[in-house]
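Novice: Quick one, fold the following:
(one chain, ligands or ions: 2)
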Amino acid sequence: MKYEKPKANEQTIGVPPHCDSNMMTLLYQNEVNGLEIQNKDGEWMNTKLSPNSFIVIIGECLCVWLNGRLSSPYHRVMMMGDEDRYSLGLFSGVRGGYMVKVPAELVDDKNPLLFKPHDHEEFLKYFSSEVAKGVVKSGAVISRLKTYCAV
Ligand SMILES: O=C(O)CCC(=O)C(=O)O
Ligand SMILES: [Fe+2]
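Specialist: Ligands and ions are numbered 1, 2, ... in the order given. Predicted structure coming up:
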């Protein structure tokens, strides 16, 4: 992905806030920071990556599969400064035709079931039809998958 440096001396949005809906994302960037992660208090935190490091983002599908044991962060890219930013992303997907189902071991009295089983490909089809109908925007600031299969 290429993010152009802002034209004026101001901050611009590279990618608006979102959760990745896949299992896991692995990111690598040139030495231009810009990725921000929202913490549990709703504050945006810069990431200052050392050269040659990777960042791993938990996707909503993994969060759902683990019954919420790991959370999937809202993140965004904000551009500042006078250099273009490049990032490489490996987005691990989920094969269609298989149900993503919370394992029984993760459900008990203290940890009630939070998510119904879902076929990820069906979810993606449903979500793009909602975008096509104009019901939701593709970059909508919502946890799309968690909303889709919440109990
Ligand atoms: O470029 C980045 O660092 C993040 C991009 C991203 O969040 C995405 O493509 O889902
Ligand atoms: Fe993302």
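
Novice: Helix, strand, or coil at the residue positioned nearest the centre of the chain?
Specialist: Most central in the chain under C-alpha atoms, centre = their mean is residue 20, positioned 2.0 Å from the mean C-alpha point. Assigned with DSSP: H, G, I helix; E, B strand; the rest coil, residue 20 falls in the coil class.

Novice: so it touches residue 63, yeah?
Specialist: No - the pair residue 20 / residue 63 is not scored as a contact, 10.0 Å apart, by C-beta atoms under 8 Å. Just so you know, the C-beta spots here come from the backbone N, C-alpha and C atoms, and that holds for glycine as well.

Novice: which residues are common contacts for these two?
Specialist: Counting by C-beta atoms under 8 Å, 6 or more residues apart in numbering, the contacts common to residue 20 and residue 63 are residue 72.

Novice: ok, back up a step: contacts only, for the residue nearest to the centre of the chain.
Specialist: 57, 59-60, 72, 75, 91.

Novice: rerun at 10 Å
Specialist: Residues near residue 20 by C-beta atoms under 10 Å, 6 or more residues apart in numbering: 27, 57-62, 72-75, 89, 91-92, 145.
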